[in-house]
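Novice: structure for the following, please:
(chains A and B)
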Amino acid sequence: MEQVDVLTLREAFTRQGIMLGFNGPFSATLMEEIGKALRKHMEGLAESPSAVTDVFSAYIELSQNIRHYAASRGVSGAAAEATIIVSRDEDGRYVVSAGNVVLTEDGEGLVQRIAALAAMDKAELKAAFKTQMRAPRDPDAKTGAGLGLIDLARRASAPLQCNLKPLDDAHAFFSLRVVI
Amino acid sequence: MNDAAIGTRPRETFTGSDSRTDVNDINIAGSESTPRIRADGSAGRLEMSGDSYPENSFELFQPVLEWVGAFLDGGGTRPLAVDLQLLYLNTSSVRAMMEIFDTLQEAHERGRAVSVTWRYDRKNERVADLAGEFKEDYTFPFEIVPES
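Specialist: Predicted coordinates:
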């Protein structure tokens, strides 16, 4: 294993415009605390309430999607692992990225859904959101029932981008990038 | 066995109801990720304020949905005013709010007086966007009030 080199990590963070990043198992409480820090930081930069809401919302939906996914696959809540990054690109736009290990077939399904959403304009996304909101809910489901990805696509200023990298025969690393 | 459970209607499990068959009021303090919720049967009023992004929104809103259903059910005639100062809602909270508004809509169509007032800070357009999209789907009085 390579030795931890904090300076190299810091330089990589700086080069990629990373403001805030997390990697590892994260609980609901930790997720809330990071969200709070993110909000405070953006308010400190005097960002508009709408911008703060959009970035915060992307962070929350991505984190909760990953935690719900882990739970649905039998990984206990505390052990849900994720990589979540908030950064700014060269144009100053906020970018929220997140990734987690998924079953390859689940990842392939996600890639198809993201492609479908990326092809929609704002009006189509709004219609898709309302349709999905009214779709019958599984009485046992605790999630937003598929609304999260559509909401991310609606808040994004560019089409959602995702990546699926195979890890072994059954697993892959899925990552999603949302430009606000 | 499920048979025993079927006989137990949720409504009958309320305790301390007075003779007007009021359902129990709700008074839940808010937290970082959950709104403050107050339901007052005698005033005909439901208030929710703050952010709402818990992981399990249905658990949070189920008692509210039941309260609204019970208040508007059972041959009552008193109006219900819903006063909201909600800020950010995650998608599962949005979904739960839709179910509450749907219940209001059904009562409105039966002739019951129901209304929603959603107050927001005029600087936060996202709240207005969200409230506006809900309003499109309903015909009961739905006011979106900017405040400075």
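
Novice: next helix or strand past whichever strand or helix holds A:G21?
Specialist: Assigned by DSSP states H and E, A:G21 belongs to strand A:18-25. Along the chain past strand A:18-25, the next helix or strand (assigned with DSSP H and E) turns out to be helix A:28-44.

Novice: next SSE downstream of that following helix?
Specialist: Per DSSP H and E, the first helix or strand lying C-terminal to helix A:28-44 is helix A:49-72.

Novice: so what secondary structure elements neighbour that next one?
Specialist: In terms of contacts (3 or more CB pairs under 8 Å, 6 or more residues apart in numbering or on different chains; DSSP states H and E), helix A:49-72 is packed against helix A:28-44, strand A:81-88, strand A:94-103, helix A:147-155, strand A:171-179, strand B:80-89, helix B:125-135. Glycine gets a C-beta too; all of them are placed from N, C-alpha and C.

Novice: please spell out which residues along the fourth one are buried.
Specialist: Neighbour counts using 16 or more other CB atoms under 10 Å in any protein chain shown place A:147-155 of helix A:147-155 among the buried residues.

Novice: what of the last one?
Specialist: Within helix B:125-135, the residues that count as buried by 16+ other CB under 10 Å are B:125-128, B:130-131, B:134-135.

Novice: just the C-alphas of the host helix or strand of B:M48, formatted as CSV.
Specialist: Using DSSP H and E, B:M48 falls within strand B:45-52. Presented in CSV, the C-alpha positions along strand B:45-52 are these (Å, rounded to 0.1, in the frame of the first residue of the first chain):
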residue,chain,number,x,y,z
ARG,B,45,-54.8,24.6,11.6
LEU,B,46,-51.8,22.7,10.4
GLU,B,47,-48.4,24.4,10.4
MET,B,48,-45.0,23.2,9.1
SER,B,49,-41.8,25.2,8.9
GLY,B,50,-38.2,24.7,8.2
ASP,B,51,-36.1,22.2,6.1
SER,B,52,-37.2,18.7,5.4
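
Novice: of the helices and strands packed on helix A:49-72, which is nearest A:L9?
Specialist: strand A:81-88 (12.6 Å; CB to CB).

Novice: which strands border the closest one, and is each parallel or antiparallel?
Specialist: strand A:18-25 (antiparallel), strand A:94-103 (antiparallel) (DSSP bridges).

Novice: up against chain A, what does chain B have?
Specialist: Applying CB under 8 Å from any CB of the partner chain, we find that chain B lies next to chain A at B:32-33, B:53, B:55-59, B:87-88, B:90-92, B:94-95, B:98, B:121, B:123-127, B:133, B:137.

Novice: before we move on, back to that, from the buried residues of helix B:125-135, which is closest to A:S72?
Specialist: B:L130 (26.8 Å).

Novice: residues contacting that closest one?
Specialist: Contact partners of B:L130, counting by CB atoms under 8 Å, 6 or more residues apart in numbering or on different chains, are B:89, B:94.

Novice: same thing but at 7 Å, please
Specialist: Going by CB atoms under 7 Å, 6 or more residues apart in numbering or on different chains, B:L130 touches B:L89.

Novice: and if you look at A:V86?
Specialist: A:V86 touches A:19-20, A:38, A:55, A:59, A:94, A:96, counting by CB under 7 Å, 6+ apart.

Novice: tell me the bridge partners for it.
Specialist: Applying DSSP bridges, one finds that A:V86 bridges with A:L20, A:V96.

Novice: list the residues that contact the residue lying closest to B:F61 once chain neighbours are set aside.
Specialist: In this structure, B:F61 finds its nearest non-sequential neighbour in B:A96, 3.8 Å apart by CB to CB, 6 or more residues apart in numbering or on different chains. Contact analysis of B:A96 by CB under 7 Å, 6+ apart lists B:57-58, B:61.

Novice: so the residue nearest to B:S57 when sequence neighbours are not counted, which of the three states?
Specialist: Leaving aside its chain neighbours, B:S57 sits nearest to B:S92 (3.9 Å; criterion: CB to CB, 6+ apart). Under DSSP: H, G, I helix; E, B strand; the rest coil, B:S92 falls in the helix class.

Novice: next one, pLDDT for B:S92 please.
Specialist: For B:S92, the pLDDT comes out at 91.
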